[in-house]
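>>> sequence unavailable; structure follows:
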């Protein structure tokens, strides 16, 4: 199916119907499609390692970790994104096994690549900050062994907790996980 005309903004329902018939995923930002970039082996390895680590850690808790195929809906900006890793902790939302997107994630992580790093740090984070449920936003740079954790504080402001170097400790307070940068880069 060809992509819809870029001159005609799509509705969220149009996007979901069109996207379901596609082989290649696209994100949706206020009526416009944005093709997802293919990822490298290193990118996939970092996302997979983080998702596996969190899945194991979250067993028995009300939270679940999902890897890149799960959409996140940002209602306030009429957008859908495919984060590399997302954690949902809302039992009512997770109860629907056929849900097309999470609307109330607790944690979102993006693995940086040269082509997406600026948007992941800027525009995409601006959309994600509109999610009242979001407690942490994690940026993983596999090329520099750096992890930046942005955490919402009690004043509803975002604080940066950077970790650089494979042996440096990383804390994800929203899900009670502590480990090292190397846990996601090896």
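All right, it came through fine. Quantities reported herein were computed from a predicted structural model and do not represent experimental measurements.

>>> any idea which helix is longest in this protein?
Once the chain is assigned using DSSP state H, the helix that runs over the most residues is helix 41-58.

>>> parallel or antiparallel, which strands does the helix or strand following it pair with?
Once helix 41-58 ends, the next helix or strand along the chain (criterion: DSSP states H and E) is strand 64-67. Partner strands and pairing direction for strand 64-67 (DSSP bridges) are strand 85-88 (antiparallel).

>>> which parts of the strand it pairs with are buried?
By neighbour count with 16 or more other CB atoms under 10 Å, strand 85-88 contains the buried residues 85, 86, 87, 88. C-betas here are computed from N, CA, C, even on glycine.

>>> show residues contacting that strand.
47, 50-51, 54, 58, 63-68, 70, 72, 94, 102, 104-109, 138, 174-175 (CB atoms under 8 Å, 6 or more residues apart in numbering).

>>> spatially nearest residue to the residue most central in space within the chain (excluding sequence neighbours)?
Central residue of the chain (CA atoms, centre = their mean): residue 83, 2.7 Å from the mean position. Among residues not flanking residue 83 along the chain, residue 108 sits closest, at 4.6 Å (CB to CB, 6 or more residues apart in numbering).

>>> quick check: which element contains the one you found?
Counting by DSSP H and E, residue 108 is part of strand 105-111.

>>> low-confidence regions, the chain specifically.
The model of the chain has pLDDT under 70 over residues 1-8, 23-24, 26, 38, 186.

>>> what separates the first and last residues of stretch 116-124, distance-wise?
10 Å (CA to CA, to the nearest Å).

>>> distance from the chain centre to it, please.
Here the centre of stretch 116-124 is set off from its chain's centre by 12 Å, with CA atoms, centre = their mean, to the nearest Å.

>>> three-state assignment of residue 114?
Going by DSSP: H, G, I helix; E, B strand; the rest coil, the secondary structure assigned to residue 114 is coil.
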